[in-house]
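Colleague: Predicted coordinates and the sequence they were generated for:
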Amino acid sequence: MSRASGSFIEPSAQAQDRTVAALQRFPLVAGLTREEIAEIAAQCSLHRIPAHKRVFEEGERSKGLWVITAGRVRLHHLMADGRQHVVGFRAPTAALDLSSALDGRPYTATATTMDDAELVLVPRGLLQELGKLYPVTVRNAIDLLCLEVRQRDITTAIAALKDARGRIGCALLQLARQFGRKQGGVLRIDYRLTRQDIADRSGVTVETAIRVMSDMQQRGVLRTESQVIEILEMEHVRDSASCEDCQFECSVFAPLLAEPPCEAEAI
DNA sequence: TCATTAACCGTCG
DNA sequence: CGACGGTTAATGA
């Protein structure tokens, strides 16, 4: 897994269009006009990074904000024993490490592409300027950070839940909330995940992830088709995750659509 | 490369 | 002791 050399994409009309299109769907600049976004895009750079390469590494100084325009990225910690602790999975129009980009401190995790990917880099200077120019982006940043904090809380809770079943169940619920699409009677996690991915997310070995998930499949709780997981019996997953003890609304029961913004009235 | 199974083994309640 | 989960190895797709 080598380093992501600067596969910088030369500025062009198409590159510019893709950048604008991606930024328009990025919540940080929600509320800005197309012209304003285009102006921002003109100061960003577009990068193409092959599958299984690092976008950045934990501890590196943040150069700016990475926004995914294509492909998928996993955020994770590299552990001494070679295992990986996945902090989260990201899909297009999501940012990679907003907090590092905002405060300019080192990245809190390593980002690795899962597919050939394309990302926009919003330079840090520009990011700071945005806050002054467009106050709404500050509000948006707070909302996005709220979400990240919640995610982090969930991660902590997963680690605290005692057994492997609970951690895997909780990871599945979280993924279902993030990528789940109701389809017929089942909830499909629209994100290809290997058993290793699930294991790394849950803090167990692949074999354990397989052990637990095979069991779930045999009981008709889950189904997997070419690395796409479908949850058939949400109740059972919730039970295995012992959600009663968990204060998070991994409310996969509530209609999940888009992530509801953090509705803080005033801070 | 990924998924699966099984035997084995140490830890812990 | 027995459940749990990591380790190792083997196998198939």
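Modeller: That came through, no problem. Predicted model, so just to flag it, every value in this text is computed and none were measured. Residues are numbered from 1 along each chain as shown, chains lettered A, B, ... in the order given.

Colleague: so who does the closest residue in space to A:V186 that isn't next to it in sequence touch?
Modeller: Closest residue to A:V186 apart from its sequence neighbours, by C-beta to C-beta, 6 or more residues apart in numbering: A:E230 at 4.7 Å. (Each C-beta comes from the backbone N, C-alpha and C, glycine too.) Going by C-beta atoms under 8 Å, 6 or more residues apart in numbering, A:E230 touches A:183, A:186-189, A:222-224.

Colleague: Now do the same for the residue in the stretch 1-150 of chain A that DNA strand C sits nearest to: helix, strand or coil?
Modeller: Across the stretch 1-150 of chain A, the shortest distance to DNA strand C (C-beta to the nearest atom of the strand) belongs to A:D81, at 6.9 Å. State at A:D81, reduced to three classes by DSSP: H, G, I helix; E, B strand; the rest coil: coil.

Colleague: buried residues in stretch A:177-192?
Modeller: For stretch A:177-192, a neighbour-count test (16 or more other C-beta atoms under 10 Å) marks A:177-180, A:187-189, A:191 as buried.

Colleague: Report the buried residues of the helix or strand containing A:T19.
Modeller: Following DSSP states H and E, one finds A:T19 within helix A:13-24. Counting neighbours by 16+ other C-beta under 10 Å, one finds that the buried residues in helix A:13-24 are A:15, A:18-20, A:22-23.

Colleague: Same question for stretch A:206-215.
Modeller: In stretch A:206-215, counting by 16+ other C-beta under 10 Å, buried: A:208-213.

Colleague: swap in stretch A:43-53?
Modeller: A:44-49, A:53.

Colleague: Any chance of JSON lines for those residues, columns secondary structure?
Modeller: Putting the buried residues of stretch A:43-53 into JSON lines (three-state DSSP) gives the following:
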{"residue": "A:C44", "secondary structure": "coil"}
{"residue": "A:S45", "secondary structure": "strand"}
{"residue": "A:L46", "secondary structure": "strand"}
{"residue": "A:H47", "secondary structure": "strand"}
{"residue": "A:R48", "secondary structure": "strand"}
{"residue": "A:I49", "secondary structure": "strand"}
{"residue": "A:K53", "secondary structure": "coil"}
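
Colleague: Leaving out sequence neighbours, find the closest residue to the spatially most central residue of chain A.
Modeller: The centre of chain A sits closest to A:R90, judged by C-alpha atoms, centre = their mean, with a distance of 2.9 Å. Of all residues not flanking A:R90 in the chain, A:V73 sits nearest, at 4.6 Å (C-beta to C-beta, 6+ apart).
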